[in-house]
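Visitor: 3D model of this:
(3 chains)
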Amino acid sequence: MFNIVEDTQKTREDTRKTWEKIADYFRANSIWMKWYCTGCGAMEMPPTMTSRFDMEQLGMGPMATPRQADVLLITGYLSAKTLRRVIYSYEQMQDPKYVIGFGSCTLNGGIYFDSYATMTRLDHYIPVDLYIAGCMPRPEAIMNAFDTLIAMIKKGEAKGWKHYQDNYEWYNANQIHSLKEVRVKDEFHE
Amino acid sequence: MNLMNLIYAFGLLLFAFVLQTSITGINRKVIARLQRRRGPRWFQQFIDIFKALSKSSTSHGWIFDFGVVMALGGIMATAMFIPIGPLQALPGLDNIFIIAYVLAVGMLGMAMSASGSGNPWASIGVSRALTNMLAYDIPFMVVIFGLIFAYDTSSLSGFAAIQQEGGILGWNIIRFPLGGLVAMISLQGMLGKKPFDSFIAPAEIASGPMVEYGGRHLGMLFLLHEFQTFVEVSLIVHIFFGGGATVLEYVVKYALIYTFMNIVSNILPRFKIDQAVTFFYKVPLALAMIQSLLIIVTGLGVA
Amino acid sequence: MNSMNSIVDDLKGKFDIINVVFPDDMQMAVDVDKNDVHTVLSYLKTIGYKQLSLMSGVDWIKENEFEVVFIVFNWDNGIHILLRTRLDRENPVFRTITGIYPGAQYYERDIHEFFGIEFEGNPMSYKDLFLELWDEMPPMRKDFDPLAYSQDKFPERKYESQFIPEVGVIK
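Guide: Presented below is the predicted three-dimensional model:
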């Protein structure tokens, strides 16, 4: 089973080419995000973006669609119905792409651990580069996480998207197990 | 026109890119200070563009791909005609009509590409962008026709030379304040800044034409936007602010005007597209008509 | 309170009311038989209770009954009326009220999905609303075990240590 700690240790020996290192410098210093407002964590983003904490000083900014974004923030619990849309959004994003899971709900289900509708582990379905613990994490914790993500990208450790490509069967099997079918078939898609 | 002209033209493109991208970056800092934030570094815009170009991207059919290249090519070709202060890459070709027509190639390429993505938000955005273009272009062109009538020239460097004879009082913005006001409002529309940014409105139509672009395609759009801004602000600098006797003078004027427009943009809310069109056809068009009539009938302000 | 009493008298005179309670001032709860619901609701709508504020279900598993609750509101006098009725749990079938309050469409879909109550005459109520591709017993029934379902469907994270020294024993 996918263990994030082992995975990052494996990629620690640096096999990147020079141009990839240069590209990683740009990617680390300009992170556009798409935050998926599934739960209460979306509420912590406005203070992080505006004048008190000002994430733009790290070169980060919000983007309107997943295609334009580099990092997907899953801000809170995910119901099975939302998970389908999250997988859609994640697969629409362009490589390299990163995922940050917010709060204990994405980590282990949090207070919804026994709910019939919400999943308990996000990294079963899409690769998560970074988790922020807390219920919900405060803006300080979020800024700290962004710092960590930037350092990870600079070192070439944020390789979740590669992991997703290499282990797609495993992720897809998990998605099918929990959702039966990833394809969205609601009344707006008829 | 020979090989040296082409080399100059590409040098000019490089200069325009560095100039406008730096000024955009500085303006992000200015806006951040306006909102009491710390703001990004001044070269953040360069990082953004290079990062976008370094990512992978998806195609949505050859119209989508071809349209982006056509738009970027069209805008870059337009930028080549623009004089920078006294310097000109392609002398004698800086006619307003050439610039207006070649600029349309870029706009249409963009519209074609965005529609080719098949996303409904993109179609809405494109239709709004073209409606917006129709709205700001008519008052702007009415004023320009008045000026052409007054000076018997339609070249940018010609306008600049005439204005430079009279010092600051010779600038068209002083001589024809109504026309200058109309041009500034139209410039706001051309740049797609608030209150006329309904076609990219991120919160309502998910950034409009750009909705399906990612990675390299998005990087090209950002490049395109920088060149487009360069062309549009340069038009105003040359026609209303006396161009530049030196490159430095030109760059200072350019930076001040762009920063001013940006600050105005950031303290205004957004018009709906029908409100924007109604506004342009009421106030600026009426002012433009009055200005042109004043020039043609009374010759007021003409040196 | 006077207007509340006059409404109660009015309803009692016209319909077969099982019970009336007053949870709060400006609110009253009325129990009726399931066959009377439609006539009572139509009557309430004609005397000004135009807004269906809520429609929901309750599972009374010990009494082997479902309860369906309608809350209607009158904007003129600010009174909420809570209309309650009981259904048999083994065969929960109810006639749709979308003919009276068209806005009940989504409430009926919701109740059908979460309690399995069928609404005759509303074919839309069989469509999925929140739970897509649901294959178990409706989840709001009391005999549904959400923990077992969650553990089966959504694998949990395994922790090597279940002990955090600062906090003490967890789990």
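Visitor: drop to CA atoms for contacts and neighbour counts, all remaining ones
Guide: OK.
Visitor: how about the helix or strand harbouring C:Ile111 against chain A, any contact?
Guide: Element membership for C:Ile111 (DSSP states H and E) is helix C:104-115. No. Using C-alpha under 8 Å from any C-alpha of the partner chain, helix C:104-115 stays clear of chain A, coming no nearer than 11.4 Å.
Visitor: for that helix, which positions count as buried?
Guide: For helix C:104-115, the neighbour count (16 or more other C-alpha atoms under 10 Å in any protein chain shown) marks C:104-105, C:107-115 as buried.
Visitor: can you give me the offset of the helix or strand that it is followed by from its chain's centre?
Guide: Counting by DSSP H and E, the next helix or strand C-terminal to helix C:104-115 is strand C:118-120. Relative to its chain's centre, strand C:118-120 lies at 14 Å (C-alpha atoms, centre = their mean, to the nearest Å).
Visitor: And for stretch B:88-103?
Guide: Centre-to-centre, stretch B:88-103 and its host chain are 14 Å apart (C-alpha atoms, centre = their mean).
Visitor: what about the helix holding C:Ile111, distance to the chain center?
Guide: A distance of 9 Å separates the centroid of the chain from that of helix C:104-115, by C-alpha atoms, centre = their mean.
Visitor: hey, C-alpha coordinates of that helix in PDB?
Guide: Extracted in PDB, the C-alpha atoms of helix C:104-115 (Å, rounded to 0.1, in the frame of the first residue of the first chain):
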ATOM      1  CA  ALA C 104     -42.300  19.200  -2.300                       C
ATOM      2  CA  GLN C 105     -40.700  17.600  -5.300                       C
ATOM      3  CA  TYR C 106     -37.200  17.600  -3.900                       C
ATOM      4  CA  TYR C 107     -38.300  16.800  -0.300                       C
ATOM      5  CA  GLU C 108     -40.100  13.700  -1.600                       C
ATOM      6  CA  ARG C 109     -37.000  12.600  -3.500                       C
ATOM      7  CA  ASP C 110     -34.900  13.200  -0.300                       C
ATOM      8  CA  ILE C 111     -37.300  11.200   1.900                       C
ATOM      9  CA  HIS C 112     -37.600   8.400  -0.600                       C
ATOM     10  CA  GLU C 113     -33.800   8.100  -0.700                       C
ATOM     11  CA  PHE C 114     -33.100   8.300   3.000                       C
ATOM     12  CA  PHE C 115     -36.100   6.400   4.400                       C
END
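Visitor: Look at residue 3 and report its pLDDT.
Guide: I went with chain A, as the question did not name one. pLDDT, A:Asn3: 49.
Visitor: sorry, should have said chain C
Guide: On pLDDT, C:Ser3 comes in at 77.
Visitor: Quick one: name whatever helix or strand follows the helix or strand containing it.
Guide: Following DSSP H and E, one finds C:Ser3 within helix C:2-14. Note on helix C:2-14: by DSSP H and E, the next helix or strand toward the C-terminus is strand C:17-24.
Visitor: Check which helices and strands that following strand is in contact with.
Guide: Applying 3 or more C-alpha pairs under 8 Å, 6 or more residues apart in numbering or on different chains; DSSP states H and E, one finds that strand C:17-24 makes contact with strand C:27-32.
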